[in-house]
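Chemist: Sequence first, then the predicted structure:
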Amino acid sequence: MSVNSTFSHISRRGVLVGGAAAAVAGLSGGRAFASDKVKLQFMYPVGVSGDINRLVTAMISQFNAAHEKIEVEAIYAGSYDNTEQKVITALGVGDPPATWLPINSALQTFLGLDALADITAKAKADDIYQDFLPGFLETCISDGKLYGLPFQPSTPVLYLNKDALKAAGITKAPVTWTELLDVAKALTIRENGELKRWGLTIGGGWHDWIFECYCRQNALVPWTKDKVLFDKPEAVDALEFWVKMVQAGVMPPASTWEGSANDFMAGRTAMLYHSTGSLTNLRKSSPFEVDVAFMPKNKTFGACQGGGPIMIARKQTDAQIEASWTFARWMTSTQVQSQWSRDTGYLAVRKSAWETPEMKAYLEKVPQARVALEQAAYAGAFLQVPGYHKVREYLKSALDRTLAGSVKPDVALKEAADNSNREIQRLLRRRS
Amino acid sequence: MATLQDPLELSAPATSRGTLAHMRATLRRNWLHVLLLPLLALWASPLVWIVVTSLKTRVEVFDPNAGFLPAIAQWSNYPAAMAVAPFGTYLVNSVLVTGGILICELVTITLAAYAFARLSFPGKNILFTLFLLQIMFPIYATFLTNFVTVRELGILNSLPALIVPFVASGYGTFMLRQAFRQVPTELADAARLDGCGHLGILWHVYLPLVKPTLVAFSIIAVVTHWNDYMWPLLVTNSESVRTLPIGLGLLAKSDSGADWTRLMAATVVVVSPLLLFFVIFQRRFVDSFMHAGLK
Amino acid sequence: MAEVVLQGVSKSYQGRPTVHGVDLAVADREFMVLVGPSGCGKSTTLRMVAGLEEITAGRLLIDGRDVTHAEPQKRDIAMVFQSYALYPHMTAYRNMAFGLLKTSKLPKAEIDRRIGEAAEILHITHLLERKPNALSGGERQRVAIGRALVRQPKVFLFDEPLSNLDAKLRTHMRGELKRLHKELGLTVIYVTHDQIEAMTLGTRVAILSEGRLQQVGAPMDLYMRPANTFVATFIGSPEMSLLRCALRPNGAGSVVHHPRFDTHIPGALERAEPGDILLGVRPEEVTLSPPETPAMARGTVERTELIGSEALAEIRMGDDRLMARTPVMQAPDVGAEVGLSFDMARVRLFDAATGRALARL
Amino acid sequence: MVTGPALRAHVREAGLAYLLLAPSLVFLAAFTYWPIIRSVWFSFHDVMLGSDKIFFLGLENYQRLWTDALFWKSLANTAFYTLVTIPSAIACALLLAVALDSKLRGMTFYRSAFFYPVMIPSVAAGMVWVFLYAPGYGPINHALALFGLPKLEWLYDSNTAMIAIIIMSIWKYSGYFMLILLAALQMIPSDLHEAARLDGVSAWNRLIHITIPLISPTLYFVIIIGLLHSYQIFDYVYVMTQGGPADATNVLTFYIYQNGFQYQDIGYASTLANVLLLFVGGLITLVALVFGRRVHYLGR
């Protein structure tokens, strides 16, 4: 079956016709009475700003108004973690929502629960494979099959306090790790041995995510779908570089996700690794000019994605899956994505969304936003292994302890890898 | 922070006319203030910070060059915070849920505590331990099973789902039993002679006398359930049955660093019904503590 | 008419007996005092009458009606507690009205009238709107009594009501209670550990010890004719001296032999065979005389104590000690040798083994 | 021994007792005992959140505890938190209560000021303290510097993170304990204090030898509820540190949450919950044994 491509243009009539067509096509056996609305639930997290709740609600009403056979109920479900827990709990009692928005790392988790509808065929029949940015689309693919449509991807980027750089006489953001260390040294301020400003802070809490970027910059994807490779030399080398920065006194050995953003805004650190999703907040809240740069490369540029796709539940009627697809497709359409990206700071998933006039105008005004897009060309999925939560904890613990100086990088990473792989094996065994 | 120290003036005796002896006397009278005021400043500073931050611009929050107080009070943070979710509905729901839980709890714990405090029956100790189990078992370990139960009861995504798991309270029963045991038995005897049965004694004698404990328990129960986040998030889907902390979560659970000004504005909004209630009734609360009169 | 009859009333806690078969009949308008040392079971007995404690065995009749297992409020009694047990959260008025509201369907006006009347009798009219913590001990006491009065019960029970008052107030309240009893014609059962209170208040006094009723009788009766050594020593202050003697029948009377003296008791005794006895002598039954004058016996003054117009002297006689009461002017010096004479018509004899009084026939 | 009407009275009393307990028991059974029973059952199985497949494991989950370093760490953290927080918070509350148990001007104001933290939602309180503890610009470090004390990294340092959370807990809960203790203090007859004062007993000795023994039932009570409130630490850990850095603030409640809801490992989470139940139950029994028998009941 085909879905009308006029969907991507939010002309009211086009959407109405398309929506009706989709709904009729989806409802087999002449049950297409006007009152027979397909009801869908959509569970989503709020990651970057409370306003997202309002934005999503508005988008949903727009969608519902345009699709008289479908009624989507938007359910705010907390953070990414909360959303995942809410969905999984509902799955456990056989009553999952039709669609939801988890973090992309959860792909294997949901596949393990046999929860996801395979939408490869639908996507192939559409322009998904052509228009979506491949780095983003890849985060929803496992074994060549597509299990979701990227909706709000993000990557870590390097935020710079432009005033601080200027004051230190630095004109250009660091491009390599070596430069990063040098710049960080130049930006660090100590008075009488007391630290006034760090050169660089890596946002804690998600530093494992940033660590994977470092691995990728060393040309290593530190996982496959059934094991992690934290103990590879490339990974050890990356961590040794972190240790070097800590020992050089330019980077704090630990921080928290909230705290590090505060630190940056308060001028406590001159550079910060944080999510692109934080751009709007940092830009609007900092009393200085904020610049955004690629994460410096080592062997190569590299990044990996946070943020999430819209996934569709497998255990529902064809009509519901069809309606869910219509919804996911609409949410990732060019116009919607263009608007969403500008409203939230997330990256638009479609090439065409970046080409819209509104987006172009926005990039004129906020050139920093483009950096993340360009970097996304080097980005892959983040830690898509079964049991990724626990694996993340093992890795974070290893990183923390190494930076605190209580253990050597190679030992810590070996231990984290062993523990993680044991956990993954446990889950895989369970699955088979 | 320095501005917080101003109340010290209250106890500052320093007038040039004052003799040394006079000053010493004043100091002796007010030494407690001298001791307490710094402590007070310490205790109050987070609240002051919450309120002040709720009135700042986003840039001011972390700008080391900005003053402690906002240059211009940004009252617009409040409507902006309220705009992220239907806080009006949330407020009504919070009142209904918290009030519902409190009323149910007060009924169940009063009855149970009386039985434990004043009646003798087989299995008393075992049953009392069973009541305490509720408090000792981590609440997150009950969520999954209770989610299933609530779903089977058909009340998922409704206000009762937020109430039922908290109707019985081992904590409250324990607290109240302790209080009941402190009531002189002669009062109960007198009430029996005055024609009261057990329920009459409970209602006319015990409850009025343990008011301080009831108040103390109510405060903690209200605060706990008013601020509950995880369980409501798990069992509700619709805006129409959600509560204030979920609105707060919208502002707090940001992956991009908290939305400080609006989060603090929302915090003020969420907390102020409680604080207001406490400030207005605090004299009565404290009175009820003081005139317990169990002598 | 209000008559309370206890028939073999017993109490045990978890199989341990604390009150043993008390038989006691309290007549209408009688002021019956239960007295005894602490732990003797007097309060328990009173609480059984009140219905606050289960009666383990025996029967309780009030006005001929068996109320052994009746609920307290169905017994038509009122009680005044040691701590007064006023409801702290109610005004004096409410405290007094509470029971009436709960048990009777009296109209408000009648309740008002009764409380007004009681308040007037007790002089607490101006205190009715106060709460207990704004009242002094004596005032609380009056309210507590008022609470009992307004009920107009058949029987009033008092559980050590005066023990929380200071000495002066206690004496005053004693007088008040006596007045009330007389004026209002109440039937009262009153528990106290204070024998003076018992003697001054009671029309009859019941003495308990270790859960057993020792003796019941009018105060003077108990004083003059104690049934056993317990009663003999419990009643009277300073207490009766007991001298260990041997009894020998002698003609129409008996001879009481003490290492320091022999004396003859005229008339027949309940027991004629010889054996050990205790001779009970109250201080006022001893007459002291200068050593040179003839006397029954001689002793040494150990200690003297002035009590107002009289003096007490403790006198050693061999291994025994005894108390004597004398006018202040004739109080002997400490260390002095004195002659002693007993009022043999009044002294009592007790069986040394059982402690029971030997009746003079 | 107990016969006839007396027996009937006993039966009636017991019946009434069960009737009074019934409402609580119904709800406890549904929402506490049933989860606990399931939790015991789960702990012998491999149960995954979201999956209906369940495998029997026997004691494997319990054996895992032995080799799970993080479990031991979180247990130690929990014990450390509990054993430091409760005595400090209660000591703090007691001193506040004693100070506020007077007729000084502005007492009601003080009481409110010390009590209000109880009412702040844990989430918001946690966020605020993250700011207060910020190493660079946080007011706490400013204050330390003012007194010439070294600045600390607080939440960023695995050595101080737990201390930071403990300090915040004391701030949050002392006021509550204070109010309860204040109520107890008000019930001490003032003549006792006056008598001791006339005897020349110092304020400190009055506190130790008169006040504390007399309010010991309440103190005992506060210790127990303090133990129960120590569960609140979950909220702070969740908001402030997520168990880090280097697991320094990972406590059992948080670890249970992680295992159950993040790792979907319901079987293991149940095992941990059962262990925590035993831990807290043991602690309460200990307190009851040590203090419960020694408390003085006023006038009894």
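Modeler: Here it is on my side, so go on.
Chemist: and residue 285, what does it touch?
Modeler: You didn't pick a chain, so chain A it is. By Cβ atoms under 8 Å, 6 or more residues apart in numbering or on different chains, A:Ser285 lies in contact with A:Met265, B:Arg58, B:Val59, B:Val61, B:Phe62, B:Gly257, B:Trp260. Quick note: C-beta positions are derived from backbone N, CA and C, even for glycine.
Chemist: Oops, wrong one, chain C.
Modeler: For C:Glu285, the contact set (Cβ under 8 Å, 6+ apart) comprises C:Phe342, C:Asp343, C:Arg346, C:Val347.
Chemist: can we see that at 10 Å?
Modeler: Contact criterion Cβ atoms under 10 Å, 6 or more residues apart in numbering or on different chains gives C:Met240, C:Ser241, C:Ala324, C:Arg325, C:Ser341, C:Phe342, C:Asp343, C:Met344, C:Ala345, C:Arg346, C:Val347, C:Arg348 as the residues in contact with C:Glu285.
Chemist: When you filter the residues you listed down to buried only, what's left?
Modeler: C:Met240, C:Ser241, C:Ala324, C:Arg325, C:Ser341, C:Phe342, C:Met344, C:Val347, C:Arg348 (16 or more other Cβ atoms under 10 Å in any protein chain shown).
Chemist: quick one: buried residues of the helix or strand containing A:Gln130?
Modeler: Counting by DSSP states H and E, the element that carries A:Gln130 is helix A:128-131. Within helix A:128-131, the residues scored as buried using 16+ other Cβ under 10 Å are A:Ile128, A:Asp131.
Chemist: quick revisit: and the buried ones among the contacts of C:Glu285, which is closest to chain D?
Modeler: Using Cβ to the nearest Cβ, the shortest approach to chain D within the buried ones among the contacts of C:Glu285 belongs to C:Met240, at 35.4 Å.
Chemist: quick revisit: run through the neighbouring helices and strands of the helix holding A:Gln130.
Modeler: Helix A:128-131 is packed against helix A:120-124, helix A:134-137, helix A:351-354, with contacts defined by 3 or more Cβ pairs under 10 Å, 6 or more residues apart in numbering or on different chains; DSSP states H and E.
Chemist: Mind exporting the C-alpha coordinates of it to CSV?
Modeler: Backbone C-alpha positions of helix A:128-131 (Å, rounded to 0.1, in the frame of the first residue of the first chain) are rendered in CSV as follows:
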residue,chain,number,x,y,z
ILE,A,128,12.3,7.6,3.9
TYR,A,129,15.5,6.0,2.7
GLN,A,130,16.1,8.9,0.3
ASP,A,131,15.3,11.9,2.4
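Chemist: name the element A:Val87 belongs to?
Modeler: helix A:80-92.
Chemist: Please pull up the helix or strand immediately following that helix.
Modeler: Counting by DSSP H and E, the next helix or strand C-terminal to helix A:80-92 is strand A:99-100.
Chemist: quick one: strands adjacent to that following strand?
Modeler: On the basis of DSSP bridges, the sheet neighbours of strand A:99-100 come out as strand A:38-44 (parallel), strand A:306-312 (antiparallel).
Chemist: and the following helix or strand past the last one with chain B, contact?
Modeler: Past strand A:306-312, further along toward the C-terminus, the next helix or strand under DSSP H and E is helix A:318-331. No - where contact is defined by Cβ under 10 Å from any Cβ of the partner chain, no part of helix A:318-331 touches chain B; the two come within 16.4 Å at best.
Chemist: Could you list the buried residues of helix A:318-331?
Modeler: The neighbour-count check on helix A:318-331 (16+ other Cβ under 10 Å) flags A:319-331 as buried.
Chemist: cool, and stretch C:167-183?
Modeler: Neighbour counts using 16+ other Cβ under 10 Å place C:Arg170, C:Met173, C:Arg174, C:Glu176, C:Leu177, C:Leu180, C:His181 of stretch C:167-183 among the buried residues.
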